[in-house]
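Colleague: Starting from these lines, generate the structure:
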Amino acid sequence: MLSRWVGSLLAMGIGAASLGCSGDDDDASAGRRETLERAQQTWQEKAPESYVFAQSYSCFCPDSLPARIVVVNGQVVSAVLSDGSPAPERRALTIDGYFDVVSKWIDRNPDKLEMAYDKNWGFPAQIDADFDTRSIDDEQSLSISCFVPGTDEQSACPLQQR
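Modeller: A predicted model of the protein is given here:
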């Protein structure tokens, strides 16, 4: 009888803890979304039509080499990995496309999400996500560096192999 009573109390405590975490998750998600929207607004106000940037994507996946993305008139015209091969389509994105990626990561409500945006331009400079801290190999990281506005030069943002 005592064990059934203790079991019931434990079950109630776990349920209450889960409810408390849910509220915290909602607050964290709302704060992340607000930060994303502010950065995106900065980007929209300043975004050049043409630019080049280096992008690094880290995950437990085969195509995690750094990439150089060239955008002309708002369209990706070149996306090349550091080994010279074409970047996969899912990485051949404009900065606006990377804002969409970050938004989807927020929607997934990761256990851990660290976000840093470029102070001048607003683009996602470094985003680190661990979707389930109890799992291994689900972490993803995205960084955008060597941003050169107003150019379409293929030589901008040289890439080094890892």
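Colleague: what about the nearest residue to Phe99 once chain neighbours are set aside, how many residues close to it?
Modeller: Leaving aside its chain neighbours, Phe99 sits nearest to Gln40 (5.2 Å; criterion: Cβ to Cβ, 6 or more residues apart in numbering). (Glycine included, C-beta is placed from N, CA and C.) By other Cβ atoms under 10 Å, the residues close to Gln40 number 21.
Colleague: Next, work out how far apart Gln40 and Ile69 are.
Modeller: Separation of Gln40 from Ile69 (Cβ to Cβ, to the nearest Å) stands at 18 Å.
Colleague: name the element Ser103 belongs to?
Modeller: helix 95-107 (DSSP states H and E).
Colleague: Let me know the next secondary structure element after that helix.
Modeller: Downstream of helix 95-107, the next assigned helix or strand under DSSP H and E is strand 112-117.
Colleague: Quick check: bridge partners of Pro149?
Modeller: Applying DSSP bridges to Pro149 gives these bridge partners: Tyr51.
Colleague: Please give me every residue in contact with the residue nearest to Phe147 when sequence neighbours are not counted.
Modeller: Of all residues not flanking Phe147 in the chain, Phe53 sits nearest, at 4.6 Å (Cβ to Cβ, 6+ apart). Neighbouring residues of Phe53 by Cβ atoms under 8 Å, 6 or more residues apart in numbering: 68-69, 71, 95, 123, 144-148, 157.
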